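J.: What shape does this take:
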Amino acid sequence: MKSVPTDGGRPVVETDLREPDQRPGVRPLTGRQRKARAVRNGGEPTLEFTERVPYDTYVHASTLHTLQQPLSDDPGEMSFLVVSQIMELYFGLTCHELRQAQRELRADRVWEALAPLRRAALHLEGLNAAWRSLRWMTPADFNRFRNLLGEGSGFQSAMYRRLEFLLGLRDPALIRPFRRQEQVHADLTAALAAPSVWDDVVALLARHGHDVPADLLARDVTEEHQPHAAVEAAWVGVYSDAGPDNHLRSLGEALAAVAEEFGDWRWNHLKAVQRTMGAKVGSGGSAGLAWLQRSTARVVFPELWSARTAM
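T.: Residues are numbered from 1 along each chain as shown. Below is the predicted model of the structure:
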């Protein structure tokens, strides 16, 4: 490791890739160093590196592109597999943002919680866009490789389950499929036992003077939150103040954007299943379309929506 001056004159740590005892990583550069490199290159990109190219070191693209292992020779299966993997990444990214928002909410930093919530909504928008890549798929297309998937089903996505738990959709039975994967099961059990984003929001409303019953604040968070008149009344009160300094109102809108995009994803999932499978039974043992329809009826952040009737 060595220190190099930044543009502001303060030293920063730079990893020297020539040291064999250091884990390979992206070599930091200051703005001054980038300008000097551009001058040496005559404005052209750098073409020679002594190690693995920095982009691949950071993104691990060469690893990512080895993770697609289709089970058939059907060219359409690659679309199905890649889109599924993209969705997994978006699930994880959205969870990352929601956990950051929770940390801010628990510290009463409402304004700071808005940025990760808004990013989460945009990530969910990207997640929804991924469905467009599968709109070509008819039942005949899916049937060419569906049997090879066996009992594999998106229902078994552990990261999607964590996303649902964070959003307040909770069913302890849904972690049972992961009992043979000890770490995954432990992570899901911990996620189920921790407050959801909505639990943290309700606690925040109470700390800001809204009349939230103590028993609601002390409830068992492993069980799904049930709509409560006091929480609805709190949101009616929040929205009655349209002033620019009402950060709780901004919080409500950021949460609504997350809930809308997540709802759109569930609806798009239902439509994709309807398009490619009709009402056939699901690969994972469910009733397929009928099961998804029941699941989609569960509302995320319920009082945020019911309060609008009373506003």
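
J.: rest of the way, CA atoms for contacts and neighbours
T.: OK.

J.: Contacts made by the host helix or strand of residue 56 with the rest, please.
T.: Residue 56 belongs to helix 54-59 when assigned by DSSP states H and E. Contact partners of helix 54-59, identified using Cα atoms under 8 Å, 6 or more residues apart in numbering, comprise 24, 25, 26, 27, 62.

J.: Format those residues as TSV; extra columns: neighbour count.
T.: Listed next are these as TSV, based on neighbours: other Cα atoms under 10 Å:
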residue	neighbour count
24	17
25	16
26	17
27	13
62	10
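
J.: what two of those residues are the furthest from one another?
T.: 27 and 62 (18.6 Å; Cα to Cα).

J.: before we move on, back to that, buried ones in the helix holding residue 56?
T.: Using 16 or more other Cα atoms under 10 Å as the test for burial, helix 54-59 gives residue 57.

J.: just how off-centre is the helix or strand just after it within its chain?
T.: On the C-terminal side of helix 54-59, the nearest following helix or strand under DSSP H and E is helix 61-64. Taking the mean C-alpha point of helix 61-64 and that of its whole chain, the gap between them comes to 21 Å (Cα atoms, centre = their mean, to the nearest Å).

J.: Run through the neighbouring helices and strands of the helix or strand that comes right after helix 61-64.
T.: Sequence-wise, the next helix or strand downstream of helix 61-64 (DSSP H and E) is helix 75-106. Counting contacts by 3 or more Cα pairs under 8 Å, 6 or more residues apart in numbering; DSSP states H and E, helix 75-106 is packed against helix 110-130, helix 139-146, helix 158-166, helix 197-207.

J.: among the ones you listed, which is the most enclosed?
T.: helix 158-166 (a mean of 22; mean count of other Cα atoms under 10 Å).

J.: For whatever helix or strand comes next after that helix, buried residues please.
T.: Downstream of helix 158-166, the first helix or strand assigned by DSSP H and E is helix 182-193. The neighbour-count check on helix 182-193 (16+ other Cα under 10 Å) flags 185, 188, 189, 191, 192, 193 as buried.
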